[in-house]
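S.K.: Give the three-dimensional model of this entry:
(one chain, ligands or ions: 2)
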Amino acid sequence: MTTGKKVAIVTGAGQGIGLAIAVRLSREGFAIGCLDYNAETAEAAADAIIATGGEALAVKVDVAQRDDVFKAVDAVVQRFGRLDVIVNNAGLGPTTPIEEITPEIYHKVFDVNVGGTYWGIQAALKHFKARKPEKAGDIVGKIINASSQAGQVGNPDLAVYGATKFAIRGITQTAAKDLAPLGITSNAYCPGIVRTPMMEGIAQKVADENGQTLEWGLQQWAKNVTLGRISEPEDVAACVSFLAGPDSDYMTGQALIIDGGMVFN
Ligand SMILES: NC(=O)C1=CN([C@@H]2O[C@H](COP(=O)(O)OP(=O)(O)OC[C@H]3O[C@@H](n4cnc5c(N)ncnc54)[C@H](O)[C@@H]3O)[C@@H](O)[C@H]2O)C=CC1
Ligand SMILES: CC(=O)C(C)=O
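M.R.: Ligands and ions are numbered 1, 2, ... in the order given. This is a model prediction of the structure:
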């Protein structure tokens with residue numbers, strides 16, 4: 001079955017920032033491929049979108065597995081008939097003090113965060129290339145990758161995670177240069193401190209070390225935010241909505257910082 005709508009795939013759509021992006025892009029008129037490692041939350045995300053009149057398909061995927069990603073992206077295109085946007089959002093964010101980094105954690109986090117970004121781009125490219133720009137300036141596909149403020153500046157205890165987020169900015173820039181002749185843009189978003197299960201895990205560790213509550217842990221990070229509050233997933237989804245829509249057609253290779261003013265470039 002095909003849809004008259006534009007189609008966006010969001011990885012890690014089962015919770016947190018990915019869920020907010022999926023819901024927001026559905027509201028903007030996209031049919032959504034909700035991809036997640038967790039089949040239940042992916043299904044719940046798709047159900048929530050369908051319940052509000054949108055179109056969505058849930059697909060279980062491990063973004064670290066290249067074949068898995070190709071199959072999942074193909075399933076969405078088979079269902080909806082086209083692909084316009086891929087949001088490579090799924091990621092892992094463990095706390096890793098320098099001396100505690102192991103080969104296992106290094107490979108695991110790079111495979112998901114960096115590998116998942118490569119495979120998402122490749123799998124989408126196959127479908128983006130099916131449409132040719134009719135004239136100079138036409139955009140036929142948009143790649144949107146999750147970096148972080150921790151991909152702009154080194155954060156304490158996040159040497160592995162931060163390195164993947166710096167790498168994602170590099171991949172985003174190279175993809176922009178390589179794929180512009182095909183009418184494809186490539187941009188990233190760099191959130192700050194967003195209230196999600198990932199961030200709660202990071203903040204809880206700091207809280208536990210200090211005998212404090214989760215809220216106390218989160219507020220330690222909020223001290224670095226100029227606007228004085230940590231963000232909600234919807235703040236980030238608004239930024240991604242801009243990157244997915246036509247108003248960003250003349251933008252590529254950029255990493256938009258949406259962090260309430262933590263990093264000033
Ligand atoms: N929460 C924050 O403060 C910030 C988050 N980010 C980035 O935003 C993105 C989303 O983060 P959150 O929503 O906070 O994370 P989260 O941990 O709350 O949600 C991540 C989602 O990705 C899925 N996922 C994890 N590994 C996967 C895999 N191998 N294959 C498929 N799905 C997988 C999980 O099941 C989950 O639904 C991540 O890339 C993260 O690095 C960036 C800056 C700040
Ligand atoms: C989790 C993350 O991306 C932070 C703390 O910037």
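
S.K.: got any ranges where the stretch 1-150 of the chain has weak pLDDT?
M.R.: In the predicted model of the stretch 1-150 of the chain, residues 1 satisfy pLDDT under 70.

S.K.: So which residues on it come close to ligand 2?
M.R.: Residues of the stretch 1-150 of the chain lying close to ligand 2 by Cβ under 6 Å from any ligand atom are 93, 148-150. Where C-beta positions appear, they are placed from N, C-alpha and C, glycine not excepted.

S.K.: Neighbour count and secondary structure added to those residues, as JSON lines?
M.R.: Formatted as JSON lines, these follow (neighbours: other Cβ atoms under 10 Å; DSSP: H, G, I helix; E, B strand; the rest coil):
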{"residue": "93", "neighbour count": "22", "secondary structure": "coil"}
{"residue": "148", "neighbour count": "30", "secondary structure": "coil"}
{"residue": "149", "neighbour count": "22", "secondary structure": "helix"}
{"residue": "150", "neighbour count": "26", "secondary structure": "helix"}
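
S.K.: Show me the longest strand that occurs in the chain.
M.R.: Counting by DSSP state E, the longest strand found in the chain is strand 184-191.

S.K.: which secondary structure elements does it contact?
M.R.: Helices and strands touching strand 184-191, by 3 or more Cβ pairs under 8 Å, 6 or more residues apart in numbering; DSSP states H and E, are helix 116-128, strand 141-146, helix 159-179, helix 233-244, strand 255-258.

S.K.: Next SSE downstream of it?
M.R.: Elements were assigned by DSSP states H and E; along the chain past strand 184-191, the next helix or strand is helix 197-209.

S.K.: Just want the angle from that following helix to helix 233-244.
M.R.: 140 degrees (axes from the mean of the first three to the mean of the last three Cα atoms, to 10 degrees).

S.K.: so how far is helix 197-209 from its chain's centroid?
M.R.: 21 Å (Cα atoms, centre = their mean, to the nearest Å).

S.K.: What of stretch 57-72?
M.R.: 15 Å.

S.K.: hmm, it in reach of ligand 1?
M.R.: Yes: using Cβ under 6 Å from any ligand atom, we find that stretch 57-72 touches ligand 1 at 61-64.

S.K.: show me what contacts the residue of the stretch 101-250 of the chain found nearest ligand 2?
M.R.: Distances between the stretch 101-250 of the chain and ligand 2 by Cβ to the nearest ligand atom are smallest at residue 148, namely 3.4 Å. By Cβ atoms under 8 Å, 6 or more residues apart in numbering, residue 148 lies in contact with 161-162, 165, 190-192.

S.K.: Closest one of the residues of stretch 57-72 next to ligand 1 to ligand 2?
M.R.: Proximity of the residues of stretch 57-72 next to ligand 1 to ligand 2 (Cβ to the nearest ligand atom) peaks at residue 63, which lies at 16.8 Å.

S.K.: Leaving out the residues flanking it, which one is nearest to the closest one?
M.R.: residue 116 (3.1 Å; Cβ to Cβ, 6 or more residues apart in numbering).

S.K.: roughly how far apart are the one residue sitting closest to the centre of the chain and ligand 2?
M.R.: Most central in the chain under Cα atoms, centre = their mean is residue 89, positioned 1.9 Å from the mean C-alpha point. Using Cβ to the nearest ligand atom, to the nearest Å, residue 89 is found at 12 Å from ligand 2.

S.K.: just residue 82 next, same as before
M.R.: Residue 82 sits 32 Å away from ligand 2, going by Cβ to the nearest ligand atom.
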